[in-house]
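[1] Quick one: sequence and predicted model below, then my questions.
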Amino acid sequence: MTRTNQLTDIRTAPRRKVLISGAGIAGPALAFWLNRYGYAVTVVEKAGTPRSGGYPIDVRGTALEVVRRMGILPQLRDAHVDSRRFTFLDGDGGEVASVNPHTVGGSVEGRDPEVRDLEVRRGDLTDALYTAVRDDVEFLFNDSVETLDQPVQSSRSGRSSRSGHGVDVTFRGGGRRAFDMVFGADGLHSRTRQSLFGPEERFHRYLGYCFAVFTMPNTFALSHEIMMWNTPGRAAALYAVGDDDTVHAFLNFARPEPPSGALRDPEAQRDLVAAAFADAGWEVPGMIAAMRDADDLFIDVVSQIRMPRWSSGRVALVGDAAYAPSFLTGQGSSLALVGAYMLAGSLADRDHTAGFAAYEHHTRAFVTMNQEQIGEGDAALFPTTARALEQRNDMLRDLGTMPPRRDDRPTRPSPCPNSRSGGDSGHAVPSVASTRTRQAAGSADGRRTPTWCRGTPPWRGTRCGARPLGGAADRSFARYFGSRLNSEVDQK
């Protein structure tokens, strides 16, 4: 049967009904492509609306082709965040180096906009995804999946399986419906994953850090820039996305074991962070005070999700629910977009059994390579020893320092008040990279880039998604991804 005939059959056959749990990034992206392939899609989301705001996140490499195919690339280009300066500070608040974020990130200013990496607010990406699919997909906000029931089917050999004829879903709001397939796109702490595969601890890989993110008043006159303070094992950053009245605050600290108990209690969370920065200088005391009053505070451990398989019966996982890489890689959003595309494409002309198998076969090596860019406690942006911190600072100085600001704003921010106002609710954090993967490359202005920054920039994450990854596994992924793009025809 030709590809055209296959697509005709997809369009004329009864539409298979599927449910996606989660309306973040992976969920709407998967909904877009499944709808394109003829599925009747429902998305359930516990929040009342698509979540807005948030730290800037990266869309790069293969994911750029995905958003281009979705038709949302121009919208994301318009929303691109133009960070112009990244200032690193020592423990006393003195300047170590002030560099161009593009240089540190390994990107090139002025590149062809069709291939240049994107940095956008998380909310701008989720809004673009939602807008692209909202007229074709059913959304159920203020609800979530309570139970999943896959009827057990016995084969002639006497073996039982969960393949059955569908999935019976009970919603927290009380409704009950049946679907041909269900997809968990509900994030790092996925309830879908827990209901199918068991406790998160089985798949959780702790990477040695805890972090807190929130917004606070921009009393520092910061604009389009980042300032980061470091001591061994601790970092505090202020990130001004534009000329907003608020800045994103970020606190990160190393910890040998995850503080599982404290994370269940909001006040214990705040106490944990405050204790880690009790003797910190610079603007950290004011940041801690603002954290106490923040209504958009998010505290968690830095971790990954690693699973031996991503599906069970007629239910599959995608994005962070299946393979969260951690913000240290800078690849979480891109993996979610690519994973959604690969999953939907694998189901375009297959049943769930063959489709889920193809999804894992052609995507797993790509996911694993991205996850392995970071190990426990070795993020270049967050050195845990005095020696490692000094080495990083020496390398930053080698990048060269940007000219002083043209206005009267001080290098050091002014003291911040204990109160705060406004803010958004995103919880993405600055992407950083490991010192593990190192490649030879030049800096954006032609000067030789220090080894730690070649291909593994400490601010923008690695460029794994933007370059050929190498190896037979990656070539297999590239061929399959390319075949899905090349064989796709307009189904609008």
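    Perfect, I can see it now.
[2] contacts, neighbours, all on C-alpha from now
    OK.
[3] and the closest residue to residue 100 other than its chain neighbours, what are its bridge partners?
    Residue nearest to residue 100 in three dimensions, not counting chain neighbours: residue 85, with 5.0 Å by CA to CA, 6 or more residues apart in numbering. Bridge pairing for residue 85 (DSSP bridges) gives the partners residue 225.
[4] Tell me how far residue 85 lies from residue 381.
    Distance from residue 85 to residue 381, counting by CA to CA, to the nearest Å: 16 Å.
[5] Please apply the same query to residue 42.
    40 Å.
[6] Between those two, which has more neighbouring residues?
    Neighbour comparison, residue 42 and residue 381: the larger count goes to residue 381, with 24 against 20 (by other CA atoms under 10 Å).
[7] In the stretch 351-492 of the chain, where is pLDDT below threshold?
    375-378, 400-401, 403-492 (pLDDT under 70).
[8] The stretch 51-200 of the chain too?
    Checking the stretch 51-200 of the chain against pLDDT under 70 turns up 102-115, 152-164.
[9] now the strands for it?
    For the stretch 51-200 of the chain, applying DSSP state E, counting those that start in this stretch gives strands covering 56-59, 85-89, 95-99, 118-121, 138-141, 145-149, 153-154, 160-161, 167-171, 176-179, 181-184.
[10] Output the first one as CSV, restricted to C-alpha atoms.
    In this case it means strand 56-59. The C-alpha trace of strand 56-59 is given here as CSV (Å, rounded to 0.1, in the frame of the first residue of the first chain):
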residue,chain,number,x,y,z
PRO,A,56,13.1,31.3,29.5
ILE,A,57,13.7,27.9,28.0
ASP,A,58,15.5,26.7,24.9
VAL,A,59,14.2,25.3,21.7
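[11] Only C-alpha atoms, please: export stretch 324-334 in PDB.
    This file holds the C-alpha atoms of stretch 324-334, laid out as PDB (Å, rounded to 0.1, in the frame of the first residue of the first chain):
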ATOM      1  CA  ALA A 324      13.200  14.200  32.100                       C
ATOM      2  CA  PRO A 325      16.800  15.200  31.400                       C
ATOM      3  CA  SER A 326      17.000  17.900  34.100                       C
ATOM      4  CA  PHE A 327      17.400  21.600  33.500                       C
ATOM      5  CA  LEU A 328      21.200  21.100  33.700                       C
ATOM      6  CA  THR A 329      21.100  19.800  30.100                       C
ATOM      7  CA  GLY A 330      19.000  22.600  28.700                       C
ATOM      8  CA  GLN A 331      17.200  20.000  26.600                       C
ATOM      9  CA  GLY A 332      14.000  19.300  28.400                       C
ATOM     10  CA  SER A 333      11.700  21.300  26.200                       C
ATOM     11  CA  SER A 334      13.400  20.200  23.000                       C
END
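[12] counting contacts, what elements does the longest helix seen in the chain pack onto?
    Assignment by DSSP state H gives helix 352-371 as the longest helix of the chain. In terms of contacts (3 or more CA pairs under 8 Å, 6 or more residues apart in numbering; DSSP states H and E), helix 352-371 is packed against helix 332-346, helix 471-487.
[13] Now with 10 Å, please.
    Helices and strands touching helix 352-371, by 3 or more CA pairs under 10 Å, 6 or more residues apart in numbering; DSSP states H and E, are strand 311-312, strand 315-317, helix 320-323, helix 332-346, helix 471-487.
[14] who's in contact with the residue nearest to the spatial centre of the chain?
    In the chain, the centroid-proximal residue (CA atoms, centre = their mean) is residue 332; its distance is 2.9 Å. By CA atoms under 10 Å, 6 or more residues apart in numbering, the contact list for residue 332 reads 25-26, 57-59, 319-320, 323-326, 367, 370-371, 428, 431.
[15] If we use 7 Å, what do you get?
    Counting by CA atoms under 7 Å, 6 or more residues apart in numbering, residue 332 touches 324-326.
[16] likewise residue 56?
    119-122.
[17] what sits up against the strand ranked longest in the chain?
    Secondary structure of the chain per DSSP state E: the longest strand is strand 204-217. By CA under 7 Å, 6+ apart, the residues outside strand 204-217 that reach it are 245-258, 290-291, 294, 296-306, 375-377, 420-421, 423, 427.
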